[in-house]
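>>> Any chance you could fold what I've pasted below:
(chains A and B)
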Amino acid sequence: MKLYQKSGMVKNVTGEPETQPATALLVLGCPQVPVQTSIALYLINRLKKTGIVPMVAGNKAANTLLVVADPDRHYLGEVMDLDRAVVMITDKKRDFDRCFVFIHNDAGITYAGTMSAISKARVYAIIYGEHYEDLVKQIDFPCTVIAAKAVHNPLPLKKAIDEVAPWAA
Amino acid sequence: MGCVESMDYEIVLRDATFKESRDYIKKTYPEFRDVEPGFKVFDTHVIGLPPIAIGLDGDFVIFPFTKPCHGTFLLRVEDKEEAARLRKLKK
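Down below sits the predicted model:
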């Protein structure tokens, strides 16, 4: 059993080096803005195509929207309660190579700042919604900002993500 | 932070940003401690932009509580032992 999920070289039972796949955590915000679920599935797909193992952490509503949309788990992998994920990272039982935080309100900024502080992951702040520009101004911690005015139409945010191509970084 | 719901708490501030909550604690409570995200208060890991201010008022502990859909609340909970534990932290 390997609890610590950071990628890199570990030794298998025969003592030979074994490469662990890169990992990514998607921290979902409140699902009241429709683009979140769509962009999360898109991002999961792009990450998986490049061999990155994604995990989703959100509240019950945000997680359920994804689980119901992908019943056969073609895209989704592990899904976890957000508070539980924070505890596991804080207790150093688990960490990730990349962390994508979905932000459309002040709580999202707060969670992104928390992840920046507790995780060794490279943090990406995915900012969207009507007031995305105000939220961008509040980012004062190390992270890569991906932002677009997107509420119902996910394409502006998809375009912003494609330009950064975080799965290739 | 599941156990917060079962606490006997008073909501001091609601519908504020996290930074407004931090400023409120520092202005309102002469005694406070700065902690890092993930620090345990009442066996729960606090969420926030560092440094997170935890207020102390007699036997009361005042701390931020953030939920994705409801933003940040400042909660006030009476607990003599927890207040004493927090007072022992370096300022």
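>>> Residue A:161: helix or strand, and which one exactly?
Assigned by DSSP states H and E, residue A:161 belongs to helix A:155-164.
>>> Could I get the phi/psi values of the residue nearest in space to the middle of chain B?
Per Cα atoms, centre = their mean, the C-alpha nearest to the average position across chain B is that of residue B:63, at 0.8 Å. The phi and psi values for residue B:63, taken as degrees, to the nearest 10, are phi -140, psi 160.
>>> Quick check: residue B:71 vs residue A:111, distance?
Residue B:71 is 11 Å from residue A:111, where distance means Cβ to Cβ, to the nearest Å. Every residue, glycine included, has its C-beta placed from N, CA and C.
>>> Relative to residue B:47, how far out is the residue nearest to the centre of chain B?
Distance of residue B:63 to residue B:47, given as Cβ to Cβ: 10 Å.
>>> cool, residue A:43 as well?
Separation of residue A:43 from residue B:47 (Cβ to Cβ): 22 Å.
>>> Same question for residue A:99.
The spacing between residue A:99 and residue B:47, counted by Cβ to Cβ, is 14 Å.
>>> For chain A, which residues are neighbours of chain B?
By Cβ under 8 Å from any Cβ of the partner chain, the part of chain A that sits against chain B consists of A:28-30, A:32, A:58-59, A:61-62, A:82-83, A:86-87, A:89-90, A:105-111, A:113-114, A:117-118, A:138, A:140-141.
>>> Can I get the buried part of the residues you listed as one ChimeraX selection?
Only the buried entries of the residues of chain A next to chain B go into this ChimeraX selection, using 16 or more other Cβ atoms under 10 Å in any protein chain shown:
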select /A:28,29,30,58,59,62,82,83,86,87,89,90,105,106,107,108,109,110,111,113,114,117,118,138,141
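>>> Among the residues of chain A next to chain B, which ones are in strands?
Under the assignment DSSP state E, these contribute residue A:58 to strands.
>>> How many residues are close by residue A:168?
8 (other Cβ atoms under 10 Å in any protein chain shown).
>>> can you give me the helices for the chain?
I went with chain A, as the question did not name one. Ranges of helices within chain A are A:35-49, A:60-69, A:82-90, A:106-118, A:132-137, A:155-164, based on DSSP state H.
>>> that answer is for a different chain, and I need it for chain B
Shown for chain B, the helices assigned by DSSP H span residues B:18-28, B:80-87.
>>> ok, what's across the strand from the most centrally placed residue in chain A?
Geometric centre of chain A, nearest residue: residue A:26, 1.8 Å, by Cα atoms, centre = their mean. Beta bridges link residue A:26 to residue A:56, residue A:100 when assigned by DSSP bridges.
>>> pretty sure it is touching residue A:57, no?
Yes. The pair residue A:26 and residue A:57 passes the contact test of Cβ atoms under 8 Å, sitting 7.0 Å apart.
>>> This completes my enquiry, with thanks.
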